[in-house]
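**Q** What follows is a predicted structure for the sequence shown.
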Amino acid sequence: MLILLRGFENILTFVKIVRDPAEIPLDGPRPRALVPTMGFLHEGHIELIRRAVAGSAETVVSIFVNPLQFGAGEDYDTYPRDLERDAALAEEAGADWIFHPDPERMYPPGYATSVRVAGPLTERWEGERRPGHFDGVATVVTKLFGLVRPDRAYFGEKDYQQLQVVRRFTEDLNLGVEIVPVPTIREPDGLARSSRNVYLTPELRPRANVLYRALRAVREAAAGGASPEQARVMGEKVLAEVPEFEPEYLAVVHPETLEPLQEWVPGARGIVAGRFPAVRLIDNMEVWIP
Ligand code: PAF
């Protein structure tokens, strides 16, 4: 176990950092909440931690950049990392301790198991563009649940498809963890908070809220009586206003199965993804509220 000492706002603070899975305390107060993260915490993560702290006797934040969920050519090596800053932020938000294992301890020699949610939920949208990504997420989250043994776990709606995948395998495998969704935290101009926003250049940053604006256009069209397809086309028109943005998909989908919708259902979700130079962004929004 590592105790990280650091001066923070003139107060000497310390937070427990457990690196070795064998040292995870299992006898702490209950209910225990887990906030799984890959670090480089931003306001979205802080909101997850605050909610976990408010509803639980003990809150554990995991910080682990999971190699299994990055494909070839993705940003595993360059993914932003800053443990000292993360530890201070997590502690300030009320976390009781941090789990920060090395990849070699999570996946030691001989490791051979993968968790896969089969079918369209993982095969389309992000699954189609990032083959194997959700297997990596499902595997690491299952391991984190097994190691930390939380009663509940907090996930941001920002990664909406991931949230549905986590719900699916948690139920299918009877993992006994309550999955708590937390709404997306946005910048004042609507851009969803993400660790990858650091890749946006100052020139591109003002245009990066185009995903949010497209989703708003879908929602406004829906409120005005448009069909899901008509609303989707309105969103695409907004995306086309920013030539630096290369859209990958904009769809109106069922909130649990993520199947494209021909008719509105309560909670229908707009989902969007695409690339600016040097950064890929995703976003989503509830677009039909009856
Ligand atoms: O959302 C993330 O940051 C990651 O996918 C997660 C859930 C921490 C698993 O590595």
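**A** Sure, I can see it.
**Q** contacting residues around Glu236?
**A** Residues near Glu236 by C-beta atoms under 8 Å, 6 or more residues apart in numbering: 214, 247, 250. Every residue, glycine included, has its C-beta placed from N, CA and C.
**Q** Just those residues: which are in helices?
**A** Cross-referencing the contacts of Glu236 against helices under DSSP state H gives Ala214.
**Q** quick one: low-confidence ranges for the chain?
**A** 1-13 (pLDDT under 70).
**Q** go again using 50 as the cut-off
**A** 1, 5-12 (pLDDT under 50).
**Q** where does it come near the ligand, residue by residue?
**A** 36-38, 66, 69, 137, 140-141, 159, 162 (C-beta under 6 Å from any ligand atom).
**Q** could you dump the residues you listed to TSV with secondary structure, neighbour count and distance to Glu23?
**A** Below are the residues of the chain next to the ligand laid out as TSV (DSSP: H, G, I helix; E, B strand; the rest coil; neighbours: other C-beta atoms under 10 Å; distance: C-beta to C-beta, whole Å):
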residue	secondary structure	neighbour count	distance to Glu23
Pro36	strand	24	18
Thr37	strand	23	20
Met38	coil	19	21
Asn66	coil	21	20
Gln69	helix	21	25
Val137	helix	25	25
Val140	helix	21	19
Val141	helix	26	20
Asp159	coil	19	29
Gln162	helix	21	28
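**Q** Among the residues you listed, which one lies nearest to Arg232?
**A** Nearest to Arg232 out of the residues of the chain next to the ligand is Asp159 (C-beta to C-beta; 20.9 Å).
**Q** Grab the nearest non-local neighbour of the residue in the stretch 151-290 of the chain positioned nearest to the ligand.
**A** Closest contact between the stretch 151-290 of the chain and the ligand, by C-beta to the nearest ligand atom, is at Asp159 (5.1 Å). Nearest residue to Asp159, sequence neighbours excluded (C-beta to C-beta, 6 or more residues apart in numbering): Ile282, at 7.4 Å.
**Q** Phi and psi next, for that neighbour.
**A** Main-chain torsions, Ile282, degrees, to the nearest 10: phi -130, psi 160.
**Q** so what's it up against?
**A** Ile282 sits next to 126, 158-159, 211, 271-273 when contact means C-beta under 8 Å, 6+ apart.
**Q** ok, back up a step: most neighbours among the contacts of Glu236, please name it.
**A** Ala214 (28 neighbours; other C-beta atoms under 10 Å).
**Q** ok, that residue to Lys158 distance?
**A** According to C-beta to C-beta, to the nearest Å, Ala214 stands 16 Å off from Lys158.
**Q** One more: Pro206?
**A** From Pro206 to Lys158 the distance is 20 Å (C-beta to C-beta).
**Q** Mind checking which of the two has more residues around it?
**A** Just comparing Pro206 and Lys158: by other C-beta under 10 Å the higher neighbour count belongs to Lys158, 19 against 11.
**Q** List the contacts of that one.
**A** Residues in contact with Lys158 (C-beta under 8 Å, 6+ apart) are 44, 184-185, 192-194, 282-284.
**Q** Looking at these, which two lie furthest apart in space?
**A** Using C-beta to C-beta, those span at most 14.7 Å, a distance reached by Ile185 and Ile282.
**Q** quick one: buried residues of stretch 260-278?
**A** 260-261, 264-265, 268-274, 276 (16 or more other C-beta atoms under 10 Å).
**Q** any chance of the contacts of Lys158 in CSV, with secondary structure too?
**A** Formatted as CSV, the contacts of Lys158 follow (DSSP: H, G, I helix; E, B strand; the rest coil):
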residue, secondary structure
Gly44, helix
Thr184, coil
Ile185, coil
Ala192, strand
Arg193, coil
Ser194, coil
Ile282, strand
Asp283, strand
Asn284, strand
